[in-house]
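Colleague: Task: produce atomic coordinates for the following.
(2 chains)
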Amino acid sequence: MKVNVVAFANFREILGKEIEVALPAGARLRDLLDLLAKSHLGLHEEVYEPTGALKDTAMIMLNRVNIDSQGGLDAALKEGDELAIFPPFAGG
Amino acid sequence: MMIHIGPEDIPLEEIIRTAKRPEVGAVVTFLGIVRDDGIDGMEVEAYEEMALAELDRIREEAMDRFDIRSVDIVHRVGRLSIGGDLVAIVCAAPHRQAAFDGCSFVIEELKRRSAIWKKELSAKGDRWVSGLGRRPIDGDQDSGG
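Modeller: A predicted model of the protein is given here:
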């Protein structure tokens, strides 16, 4: 299956603005992040605490809904999903 | 009423002129500009679809919460110079207190909820401004409004 990843601010500088990623069926968010981290230097450190927990400064939306309400790193992905990753908002 | 995110200059006078209607007795304007905190300028980016939808929700909440007649919100993106306009909120109401309250509500909610980011540009090194985080903290230290 393919999912679309959009990234902003410091995450855009690492990943690019938008990329399409192919994943095996049944993949979860954690699998996607791990795959991306293998090919994008610095991503792992921006996303994960040393404990393996998601950093407070890595905000992730799956289909524009915060992943906290969708199982967090265990959120199941499906064909055509849009994942957005960015730091906490800092407008104004 | 205008909700807009873009690189263009903010047409503030035009927005204020449009906000002046017969039932309006007060127009409060907040204009956030790029402050010189020892930086050369600022780069602003937005997740536009998400930010615009949230700004629209914020406007609706302000209209429900306060006795106001219109709210305009314009946020610039792209590279901005020191002193450049960053964000404008124009809030019109029959009476001044509602206009002040509405304007204050909108800018505070915008800072907390809109998908917009700022990078301070400096010869010493560029720096993404830290946002309010998933666990809100009091105040933020940035060079914007």
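Colleague: Strands of chain A, residue ranges please.
Modeller: A:2-7, A:18-22, A:59-62, A:65-66, A:82-86 (DSSP state E).
Colleague: give me the number of residues near residue A:15?
Modeller: 21 (other Cβ atoms under 10 Å in any protein chain shown). In this view, the C-beta of every residue, glycine as well, is placed from N, C-alpha and C.
Colleague: err, residue B:84, not the other one
Modeller: What residue B:84 shows, counting by other Cβ under 10 Å, is a neighbour count of 16.
Colleague: Not counting its neighbours along the chain, what's nearest it?
Modeller: Closest residue to residue B:84 apart from its sequence neighbours, by Cβ to Cβ, 6 or more residues apart in numbering or on different chains: residue B:34 at 5.0 Å.
Colleague: doesn't residue B:144 make contact with the one you found?
Modeller: Yes. Counting by Cβ atoms under 8 Å, residue B:34 touches residue B:144, with 6.4 Å between them.
Colleague: How much space separates the residue nearest to residue B:84 from chain A?
Modeller: Distance of residue B:34 to chain A, computed by Cβ to the nearest Cβ, to the nearest Å: 12 Å.
Colleague: what lines up beside the worst-scoring helix or strand of chain B on mean pLDDT in the sheet?
Modeller: Every helix and strand of chain B was ranked by mean pLDDT, DSSP states H and E. The lowest is strand B:127-128, at a mean of 94. Sheet partners assigned to strand B:127-128 using DSSP bridges are listed as strand B:116-121 (antiparallel).
Colleague: While we're on residue B:21, how confident is the model there?
Modeller: Among the per-residue scores, residue B:21 holds a pLDDT of 97.
Colleague: what about the residue lying farthest from the centre of chain B, is that helix, strand or coil?
Modeller: In chain B, the greatest distance from the average C-alpha position (Cα atoms, centre = their mean) is reached by residue B:124, at 27.6 Å. Three-state assignment for residue B:124 (DSSP: H, G, I helix; E, B strand; the rest coil): coil.
Colleague: coming back round to it: mean pLDDT lowest for which of the strands of chain A?
Modeller: Looking at those, the bottom one is strand A:65-66 with a mean of 92.
Colleague: partner strands of the helix or strand bottoming out on mean pLDDT in chain A, parallel or antiparallel?
Modeller: The weakest-scoring helix or strand in chain A, judged by mean pLDDT, DSSP H and E, is strand A:65-66 (a mean of 92). When pairing is defined by DSSP bridges, strand A:65-66 lines up against strand A:59-62 (antiparallel).
Colleague: Hmm, residue B:84 and residue B:7 touching each other?
Modeller: No. Applying Cβ under 8 Å, one finds residue B:7 not in contact with residue B:84, separated by 10.9 Å.
Colleague: overlap in contacts of the two?
Modeller: residue B:76 (Cβ atoms under 8 Å, 6 or more residues apart in numbering or on different chains).
Colleague: show me where chain B has helices.
Modeller: Secondary structure of chain B (DSSP state H): helices located at B:12-19, B:48-65, B:96-113.
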